[in-house]
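Q: Build me a model from this:
(chains A and B, ligands or ions: 1)
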Amino acid sequence: MMSPVPANDKKSKLLVYSIEECPVCGQKSKRPFVVGDYVTKEGAKCTKCSNATKVALIYAESTKPSG
Amino acid sequence: MLPSLSGIALQTTSSILSSINYNDLLTIMWVASFFVFFFYGTRLQTYNALREIGSGLNRLKVMKDKARKEAIDYLVNVGKAPNDPAQRVDQFLDYVTIMPVDMDPAGIVGKLDHIVNTNNDRVRTEVGALLGQSNQVTVSISENLLEVATALNQIHKIVRHFYLLGKKTNSYFTLIQLQMLMPMIIQEADALLNAVDSFKLGQPVGDGIGPVIVSRYMAGKDKRVIAKDTVLAMTEYKGRKLYVVKADGPMAYVGQPGVAIRKVVEEMGAKPTAIVMIDAALKLEGEKTGEIAEGVGAAIGGLGIEKFQIEEVATNHKVPLYAILVKQSLVEAITVMRKEIAEASDKVAQIVNRIIEEKTKEGDEVIVAGIGNTLGVAQ
Ligand SMILES: [Zn+2]
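A: So this is what the prediction gives:
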């Protein structure tokens, strides 16, 4: 009866990104998350139409294929 | 005399040895082991269980110490606590909340609500007093970190209690039950410890998917506080008036959506024809993260206070409750939001719109509530 305690999965690292979306033209850009980011925070100027973008999503992606 | 005696002894030994063959020896050993396991089997298993629980208990201790240290470090480094908070934190970890008596259950939700509110208020004032600054996000994160440390402290204490009790009374059944539960307990503790990393960086967690979606309906609209830590915005969608409710972000709040919905209906005089709730839900093993489920009923977890309040308002005013759930595991719900969950947001928004279009008419009023921890999700 070996206990199947799951070991900490250190192999797959999570990288966190902030997605900035332009409310005018809908262009999205992805950059690494920085402390202080939050959804709806104003981001950089849109590269297409130079309107102010907003952080639309913040999420983590696994470096390993998900499974 | 002597040489001949020893000669006889040698002779007998060798004759006995030669008369026992390998098969007999095996049979003797088999019979002996049968008796050993028959009489000492449970003792051996008890020993094994003690050893395994002991190592799990050590892991839990490391985890709870780490959570405590992380909380103290956050209070000192980010919260700029003027004095060493370690002693206060230790008192905090052992603080107890006494649940109301349930022998006469009528009105118990109100009592529970009162106790929970008292506790939440004292947590906030105590954390506020510890910190050297009053940034709301920092205060809310500190509250959450201390809650995680408290939970891990409790888990460790309870496991230790049953481990020592089982050891003291040599109770096979106590230990075996604990041994069987250990993997799940460690998994839960691991999830809690992982949450610390997301919380201290202020990253949205999987549970925040509801707030992420409704924040889109609130964009550019006037927001006002409608209940403790809860905001309301009014907007319009295809001729329907929407009352959008979420906890006040980007603080790590869950707010009081139950109170908010009641106030919208009973104090603001809204006559909603539907309440749409969006929440994260625990997936079953085998279900995919980010899967969306639709249903009816109040989509909200926790102790059940908010759920009760929302069901009561909905029932009294005969308002249908629609639920949209985004599936995730416990660890995904309390750690940084995974891509699969975030990417469900567009689909969920479409479903919200579809429900509004199908279930209501132009000129109707609809409440849309995003339920969950709103850390890193403003409006
Ligand atoms: Zn643009």
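Q: where do the strands sit along the chain?
A: Defaulting to chain A. Along chain A, the segments classed as strands by DSSP state E run A:14-21, A:28-32, A:42-45, A:52-62.
Q: that's the wrong chain, I meant chain B
A: Taking DSSP E as the criterion, chain B carries its strands at B:223-227, B:230-237, B:240-247, B:272-282, B:292-296, B:321-328, B:365-370.
Q: so where is the stretch 51-200 of chain B shaky, pLDDT-wise?
A: Applying pLDDT under 70 to the stretch 51-200 of chain B flags no residue at all.
Q: OK, now which residue of it is nearest to the ion?
A: Using CB to the ion, the single residue of the stretch 51-200 of chain B nearest to the ion is B:Val137, 28.5 Å away. C-beta: built from backbone N, CA, C; applies to glycine.
Q: How many residues are close by that residue?
A: B:Val137 sits with 19 neighbouring residues when counted by other CB atoms under 10 Å in any protein chain shown.
Q: doesn't B:Asp248 make contact with it?
A: No - at 10.6 Å, B:Val137 does not count as touching B:Asp248 under the criterion of CB atoms under 8 Å.
Q: what sits in contact with each of those two?
A: Counting by CB atoms under 8 Å, 6 or more residues apart in numbering or on different chains, B:Val137 and B:Asp248 have no contacts in common.
Q: picking up where we left off before, now the strands of chain B in a markdown table, with mean pLDDT and distance to B:Lys339?
A: Listed next are those as a markdown table, based on pLDDT from 0 to 100; distance: least, CB to CB, whole Å:
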| stretch | mean pLDDT | distance to B:Lys339 |
| --- | --- | --- |
| strand B:223-227 | 95 | 28 |
| strand B:230-237 | 96 | 27 |
| strand B:240-247 | 96 | 22 |
| strand B:272-282 | 96 | 15 |
| strand B:292-296 | 96 | 15 |
| strand B:321-328 | 96 | 12 |
| strand B:365-370 | 96 | 19 |
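Q: Take these and lay them out in JSON lines including mean neighbour count and distance to the ion.
A: JSON lines is the format used below for the strands of chain B (neighbours: other CB atoms under 10 Å in any protein chain shown; distance: least, CB to the ion, whole Å):
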{"stretch": "strand B:223-227", "mean neighbour count": "16", "distance to the ion": "25"}
{"stretch": "strand B:230-237", "mean neighbour count": "19", "distance to the ion": "22"}
{"stretch": "strand B:240-247", "mean neighbour count": "25", "distance to the ion": "25"}
{"stretch": "strand B:272-282", "mean neighbour count": "23", "distance to the ion": "27"}
{"stretch": "strand B:292-296", "mean neighbour count": "13", "distance to the ion": "29"}
{"stretch": "strand B:321-328", "mean neighbour count": "24", "distance to the ion": "28"}
{"stretch": "strand B:365-370", "mean neighbour count": "27", "distance to the ion": "26"}
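Q: check contacts around the residue nearest the centre of chain A.
A: Centroid-nearest residue in chain A: A:Tyr17, 2.3 Å away (criterion: CA atoms, centre = their mean). A:Tyr17 sits next to A:30-33, A:58-61 when contact means CB under 8 Å, 6+ apart.
Q: Now find how far off-centre stretch B:75-83 is within its chain.
A: Its chain's C-alpha centre and that of stretch B:75-83 lie 27 Å apart, by CA atoms, centre = their mean, to the nearest Å.
Q: now the end-to-end length of it.
A: End-to-end span of stretch B:75-83 (CA to CA, to the nearest Å): 10 Å.
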